[in-house]
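# Here is the input, now give the coordinates:
(one chain, ligands or ions: 2)
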Amino acid sequence: MIQDGAPRRPQGTPIPLSRKPEIETSQPARMEGASGTACIRTFGCQMNVHDSDRMRRMIRDAGYAEVNDYEDADMVILNTCYVRENAVDRVRGHLGELVRLKREGRVKKVALTGCIGAAEESQELRDQYGIDLVLGTHNTYELAKFVGLPTMLETFTPELPGTEGERSAFVTIMTGCNYQCSYCIVPSVRGRMVCRPVENVVEEVERLVAGGTSYVTLLGQTVDAWRDPSGNGKRFCDLLGRVADVAPRVWFTTSHPSNMEDRTLKTIGEKQSIVKRLHLPVQSGSDRMLKVMHRGYRAERYRRKIEVFRENVPDGTLSTDIIVGHPGETEEDHEETLKLVEECRFDSAYVFKFSPRRGTEAAIMGEAVTPEVAQRRFMQVLRAVERGAFERNQRKVGAEEEIYIRHGQADGGKLIGETWSGHAVHIAAGASTVSPGDYVRARIQSAGPHVLYAGEPIA
Ligand code: 5AD
Ligand code: SF4
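Ligands and ions are numbered 1, 2, ... in the order given. So this is what the prediction gives:
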């Protein structure tokens, strides 16, 4: 979220052009009288959060005031996720409410953007709920015209930074994905991988840091697959090193085990400014399932990568994504996943029950796992992860840590921060005034499976 008081581009001024013109200058700088209130709801991953930041900039430049509730909004933008079926169900719930508010004359315009917008199903939703504008992930820039800004021509949206002036900012380094995982809709809605040139990324980071950003997260579906598009041989590890020399605090997500190089894992340990947390989705511990899923690696490679990470980043934290109940998953496959969870000692995991996505290979595979079995496997994996994480977190109790404040104000009673090892910490608010972007020192007093709890900041 853009914080009040943060340096912001004046309304209506064009976005800096780093690659090619994004704005037709023959158009009026701003449509007269384009103002009102707008509400943006974001579903899904950090890529969507970042896209929402860009759209937030556009609506503000167009003179809209941002509001939190649909009831107060003239225009509502739903920036959606399509990864799992329940994500669509959730959006349907919101669309139903918006139809009612439109009928009552409160909300005037509804836009649907993001991954559902890029899927065929969006036409059905548009007709059913009378949506005014549907945009996919490659034409977010068309929102500009819809809100009365000059027409933009650029489809390669990473060129449009969305989080300037914030203490923490996302920087997209690549979009799309070249993998074809059996269950995943991402390649069909986000397209093939497109990487940004290294200098272009570094320039954006430098600009952000100069504007007060103290934490940069590099984003992409498979960030570690990044290659410099100029063909100069630069890989993700080189880019990470460059960014880590410029930004005071850096993290990246999400990675693919097949692309993760040992030298990247070493760099995480070596560079002080990189948060020592690795998010490396494994999806399954069974070689048979990894093959069915077309993940392109075996469990053994994954284990080896984790060993290298632990060796080079002894205090680091590790998180992953796991899917249970993919078609064809047997009890033996599931046992393999549980075994891998025990061995890798994850600090956290996003565990998903398989959800069939129309258009993916897995959606038409036989050997479906029953919902009851999927639920049991889901709970077993979740508990195994939590057990391990709880044990590991206990070892932090008593330690004094340097903690980066992510959310909250001391006088508001609750501070949420992050250690250099990547642990989430709830800190008892003291009398001192601290705000997001600050560092405090505090002692860890207790720990749960998901967070550490620290006492008041030490003066
Ligand atoms: N069903 C369940 N989980 C899925 N994911 C992606 N597609 C599906 C699906 N069809 C999960 C994967 C991925 C994460 C972002 O979402 O674990 O890493
Ligand atoms: Fe989807 Fe697989 Fe690409 Fe990840 S690597 S975005 S799971 S296709």
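# can you list the residues of this structure near ligand 1?
Neighbours of ligand 1 within the chain, by Cβ under 6 Å from any ligand atom: 83-84, 183-184, 281, 283, 321, 323, 352, 354-355, 357. Placement of C-beta: from N, CA and C, glycine included.
# what's the farthest-apart pair in these?
Pro281 and Arg357 (16.5 Å; Cβ to Cβ).
# you'd agree Glu418 is in a helix?
No. Read with DSSP: H, G, I helix; E, B strand; the rest coil, Glu418 is strand and lies in no helix.
# And the residue lying closest to it once chain neighbours are set aside, its phi and psi?
Once flanking residues are discounted, Glu418 sits nearest to Tyr404: 5.0 Å by Cβ to Cβ, 6 or more residues apart in numbering. Backbone torsions for Tyr404, taken as degrees, to the nearest 10, come to phi -90, psi 130.
# Which strand or helix spans Ala38?
strand 36-42 (DSSP states H and E).
# after that strand, next one along is what?
Next along from strand 36-42, by DSSP H and E: helix 46-61.
# So which bits of the stretch 151-300 of the chain are right by ligand 2?
177, 179, 181, 184, 186-187, 221-222, 256.
# Just flag the most distant two among these.
Going by Cβ to Cβ, the pair spanning these furthest: Pro187 and His256, at 12.6 Å.
# Near the closest residue to ligand 1 within the stretch 1-150 of the chain, how many other residues are there?
Nearest to ligand 1, among the residues of the stretch 1-150 of the chain, is Val83, at 4.6 Å (Cβ to the nearest ligand atom). A total of 19 residues lie near Val83 under the criterion other Cβ atoms under 10 Å.
# give me every residue that touches it.
Counting by Cβ atoms under 8 Å, 6 or more residues apart in numbering, Val83 makes contact with 44-45, 115, 184-186, 355, 357.
# what do you get for Thr253?
46, 217-219, 223, 279.
# from the residues you listed, which is closest to Ala459?
Nearest to Ala459 among the contacts of Thr253 is Thr217, at 30.0 Å by Cβ to Cβ.
# Across the sheet, point out what pairs with the closest one.
Listed by DSSP bridges, the beta-bridge partners for Thr217 are Phe170, Trp251.
# isn't it right up against Arg249?
No. The pair Thr217 / Arg249 is not scored as a contact, 9.2 Å apart, by Cβ atoms under 8 Å.
# pLDDT at the residue nearest to Tyr215 when sequence neighbours are not counted, what is it?
Nearest residue to Tyr215, sequence neighbours excluded (Cβ to Cβ, 6+ apart): Ser168, at 3.8 Å. pLDDT, Ser168: 87.
# what's the neighbour count on Ser168?
Residues near Ser168, counting by other Cβ under 10 Å: 19.
# Glu418 is in contact with that one, correct?
No. When contacts are counted by Cβ under 8 Å, Ser168 is not listed as touching Glu418 (9.9 Å).
# Overlap of the contact sets of those two?
What both Ser168 and Glu418 touch, as defined by Cβ under 8 Å, 6+ apart, is the set Arg406.
# returning to that earlier point: which one of the contacts of Val83 sits in the busiest neighbourhood?
So for the contacts of Val83 (other Cβ under 10 Å), the most neighbours sit at Cys115, 27 neighbours.
# right, and it touches Arg84 too?
No. Counting by Cβ under 8 Å, Arg84 is not a contact partner of Cys115; they are 10.8 Å apart.
# The closest residue to ligand 2 within the stretch 301-450 of the chain - nearest residue in space that isn't next to it in sequence?
Per Cβ to the nearest ligand atom, Asp321 is where the stretch 301-450 of the chain lies closest to ligand 2, at 7.9 Å. Nearest non-adjacent residue to Asp321, counting by Cβ to Cβ, 6+ apart: Pro281, 3.6 Å away.
# OK, contacts around that neighbour?
Neighbour list for Pro281: 254-257, 320-322 [criterion: Cβ under 8 Å, 6+ apart].
# which of these has the weakest pLDDT?
For those, the pLDDT minimum is Thr254, 94.
# If we ignore the residues flanking it in sequence, what's nearest that residue?
In space, Thr254 is closest to His279, 5.5 Å off (Cβ to Cβ, 6+ apart).
# Quick one, grab the pLDDT at the one you found.
97.
# So what's the residue count around the residue of the stretch 301-450 of the chain closest to ligand 2?
Per other Cβ under 10 Å, the neighbour tally for Asp321 reads 14.
# Could you point out which residue ranges in the stretch 51-200 of the chain have low pLDDT?
150-166 (pLDDT under 70).
# Could you check which residue of it lies nearest ligand 1?
When distances are taken as Cβ to the nearest ligand atom, the stretch 51-200 of the chain reaches nearest to ligand 1 at Tyr183, 4.0 Å away.
# tell me the SS of that residue?
Once three-state DSSP is applied, Tyr183 turns out coil.
# Do I have it right that it meets Arg357?
Yes. In this structure, Tyr183 is within contact of Arg357 by Cβ under 8 Å, at 6.9 Å.
# who's in contact with the residue lying closest to Glu261 once chain neighbours are set aside?
Distance criterion Cβ to Cβ, 6+ apart; nearest residue to Glu261, sequence neighbours excluded, is Cys237 at 5.7 Å. By Cβ under 8 Å, 6+ apart, the residues touching Cys237 are 261, 263-264, 267.
# Cys237 in helix, strand or coil?
helix.
# The residue of the stretch 51-200 of the chain closest to ligand 1 and Arg277: what is the separation?
Computed as Cβ to Cβ, to the nearest Å, the Tyr183 to Arg277 distance reads 25 Å.
# now swap in Gly241 and tell me
From Gly241 to Arg277 the distance is 17 Å (Cβ to Cβ).
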